[in-house]
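**Q** what would the 3D arrangement of this be:
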Amino acid sequence: MKQTYVIGVDFGTDSSRALLVDTSNGEVLGSAVSPFKRWKEGKYCDPKSSQFRQHPLDYIESLEECLKSCLNQVSSEVKSQVVAISIDATGSTPVAIDQKGQPLALSSKFSENPNAMFFLWKDHSSIKEVEEINRKAKDFDVNYLSYCGGAYSSEWFWSKLLHLARTDQEVFDATYSWVEQSDWLPFLLTGHQDANLIRRNVCAAGHKALWAEELGGYPPEAFFEYLDPKLNRIYKSIDQKVYTADEVVGNLSSEWAEKLGLSEDVLITVGAIDAHVGAIGAQIEPGFMCKVMGTSTCDMMVIEKEDLKDKLVQGICGQVQGSIVPQYIGLEAGQSAFGDVYNWLKNLLLWPMRNSLKSSASSGSQAVLDFKEELEHNLLSDLSELAKQQPVTENSELALDWFNGRRTPNVDPSLTAALVNLDLGSSPVNIFQALVEATCFGSRAIVEHVEEQGVPIKGVIGIGGIAKKSEYVMQTLADVLQRPIKVHRSDETCALGACMLAATAAGVYPTLSEAMKGMGSGFEKEYLPNPEMKDIYDIRYKKYNTLGSAINKL
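**A** Predicted structure coming up:
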């Protein structure tokens, strides 16, 4: 086999990460991370109104920085043997573009308008619009929501577009089309100047934009006409054909080739959703749920078409032929907040210190600043160590994890969190323990919901920051689920999965499954459920569900 190399780039919520790997064994030769500078400063976001936007310049600058940094770590000989680049990105994170395929925020007219920027996946500003979509969809003889779990989400493609149409006429009038981050980034690297050349990936189209092979693609024009006639113009700009992530978009443009010191023969592959690509990097297989565990979770499963037969799994984020691993049907679920729940508590506990330091003369003291930094870095791990030593009782503090609404089962972004059974003895450790337990109960709700509909889950694969760093959370999750959890060895499964897709698209491997075997790094740890915790967590889980039902009625 000729010696070849590929690059995978993972666009997360806060930064982009690039890996350059050897296709023969997945060995990492170069890696780099580049944060989104404007996002880090908190620009263009309003959490109280669930508005989370990102400027396209953050993506462009970050992509160039992490690619250059990654390539600077290898020889010119290795650079000359790079054959493909693959990019994954968050979803649904769409943006308004002009006819050349450029996001409107790149124009001087809209450079500071958040509505002309990318609507990040966790932007829930379209709650009213999604309620309308779910209501009006019931008026059709065909259930166009049947392959996205039976209900549409404010996190997704069409609800965000409808929100734009209703709230910013100037930006909407300037919009030629509406495109996912995971489709625009590969288009950017090709240097094309025609929005009609954008290739839309099946992962985003199927799980976020109502495309379903079984229903002939996207819903018909009449469906969008009924939602709002304004949508028709954008609908007509979207190609009905979608592509799997192991296919090719085009070649690296001359401009990017010169910037990076690469050949224009380098292939650019079709994009995909970051979590889906992470499941590829984690070597997902039928029978296992792969959980990307970070600020939120994305829970993925793959299943043979003949095994699923004609079943429609309701209450999840879609089942799509060709998503995740192209030969299977991909299923997606997830929690809108996971690590974000723990960070909420951390920020709450640290608020007095942070607020005091803002106005205190001692804020300039290096000793004080060092103490602050150490406390912020260690707080959650210290709480974890103390929580391990504290027994769980039937009447311990109890929480709901819906700090950012509920994604699955049965999407409802309007739901809110709760914390009960508090008394004067409740400590931060008690509350942290309850919050961890609640996020694990949220995961159990998904597992049970999916299994009840005929998709067996014998074990879990954990990836992401929490899976790698928090033994307390992972053991609690194994105990709550009463299933083993394998943690993948790779620190960058999303970027590694992108490398596997790049190697497949370049023909280094005949199938993605073979690339996963040849380039995968295996598992480093396994958490086994403690059978002694089963009964107490069964009791507590019933209480969690009872509390959830009560909160739903408020």
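**Q** and the closest residue to residue 338 other than its chain neighbours, what's its pLDDT?
**A** Nearest residue to residue 338, sequence neighbours excluded (CB to CB, 6 or more residues apart in numbering): residue 297, at 4.7 Å. Yep, even glycine has a C-beta here, placed from its N, CA and C like the rest. At residue 297, the pLDDT value in this model is 92.
**Q** surely residue 297 meets residue 335?
**A** Yes: if you go by CB atoms under 8 Å, residue 297 and residue 335 touch, sitting 4.5 Å apart.
**Q** quick one: common contacting residues for those two?
**A** residue 443 (CB atoms under 8 Å, 6 or more residues apart in numbering).
**Q** before we move on, back to that, measure the residue nearest to residue 338 to residue 481 for me?
**A** 13 Å (CB to CB, to the nearest Å).
**Q** the two: who's more crowded?
**A** residue 297 (27 against 24; other CB atoms under 10 Å).
**Q** next, that one: phi, psi?
**A** The phi/psi pair for residue 297 (degrees, to the nearest 10) reads phi -130, psi 150.
**Q** so what's it up against?
**A** Neighbours of residue 297 in contact, by CB under 8 Å, 6+ apart: 291, 334, 335, 338, 443, 464.
**Q** tell me what the helix or strand hosting residue 130 is packed against?
**A** Following DSSP states H and E, the helix or strand that holds residue 130 is helix 127-137. With contacts taken as 3 or more CB pairs under 8 Å, 6 or more residues apart in numbering; DSSP states H and E, helix 127-137 sits against helix 157-167, helix 221-227.
**Q** let me know which of those helices is tucked in deepest.
**A** helix 157-167 (a mean of 23; mean count of other CB atoms under 10 Å).
**Q** residues in contact with that helix: which ones?
**A** Under the criterion CB under 8 Å, 6+ apart, residues 92, 94, 96, 115, 119, 123, 125-126, 128-130, 132-133, 152-154, 171-172, 175, 178, 180, 204, 208-210, 224, 227-228, 230-231, 234 lie in contact with helix 157-167.
**Q** one more pass at 6 Å, please.
**A** 92, 94, 115, 119, 125-126, 129-130, 133, 172, 178, 208-209, 230 (CB atoms under 6 Å, 6 or more residues apart in numbering).
**Q** from those residues, which land in strands?
**A** 94, 119, 178 (DSSP state E).
**Q** I'd like to know how far the last one sits from residue 52.
**A** Read it as residue 178. 17 Å.
**Q** do residue 37 as well
**A** Counting by CB to CB - residue 37 and residue 52 are separated by 16 Å.
**Q** return the set of buried residues in stretch 331-343.
**A** 331, 332, 333, 334, 335, 336, 337, 338, 339, 340, 341, 342 (16 or more other CB atoms under 10 Å).
**Q** buried ones in the one helix or strand in the chain whose mean pLDDT sits lowest?
**A** Ranked by mean pLDDT, DSSP states H and E, the weakest helix or strand in the chain is helix 366-388, scoring a mean of 83. Going by neighbour count (16+ other CB under 10 Å), the buried part of helix 366-388 is 372, 379, 380, 383, 384, 386, 387.
**Q** what's the closest residue in space to the second one that isn't next to it in sequence sitting at in phi/psi?
**A** Just to be clear, that refers to residue 379. Nearest residue to residue 379, sequence neighbours excluded (CB to CB, 6+ apart): residue 346, at 5.4 Å. Dihedral pair for residue 346: phi -60, psi -50, per degrees, to the nearest 10.
**Q** surely residue 346 touches residue 377?
**A** No: counting by CB atoms under 6 Å, residue 346 does not reach residue 377; the two are 10.4 Å apart.
**Q** where do the helices sit along the stretch 401-550 of the chain?
**A** Ranges of helices within the stretch 401-550 of the chain are 428-452, 465-469, 471-481, 493-505, 512-519, 534-552, based on DSSP state H, counting those that start in this stretch.
**Q** keeping just the C-alphas, turn the second one into CSV.
**A** Right, helix 465-469. Only the C-alpha atoms of helix 465-469 are listed here, as CSV (Å, rounded to 0.1, in the frame of the first residue of the first chain):
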residue,chain,number,x,y,z
GLY,A,465,-14.5,15.2,27.7
ILE,A,466,-16.7,13.8,30.4
ALA,A,467,-16.1,10.1,29.4
LYS,A,468,-12.3,10.7,29.5
LYS,A,469,-12.1,12.8,32.7
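**Q** can you pull the contacts of the nearest residue to residue 451 once chain neighbours are set aside?
**A** Leaving out its chain neighbours, the residue that sits closest to residue 451 by CB to CB, 6+ apart is residue 457, at 5.9 Å. Counting by CB under 6 Å, 6+ apart, residue 457 makes contact with 289, 447, 451.
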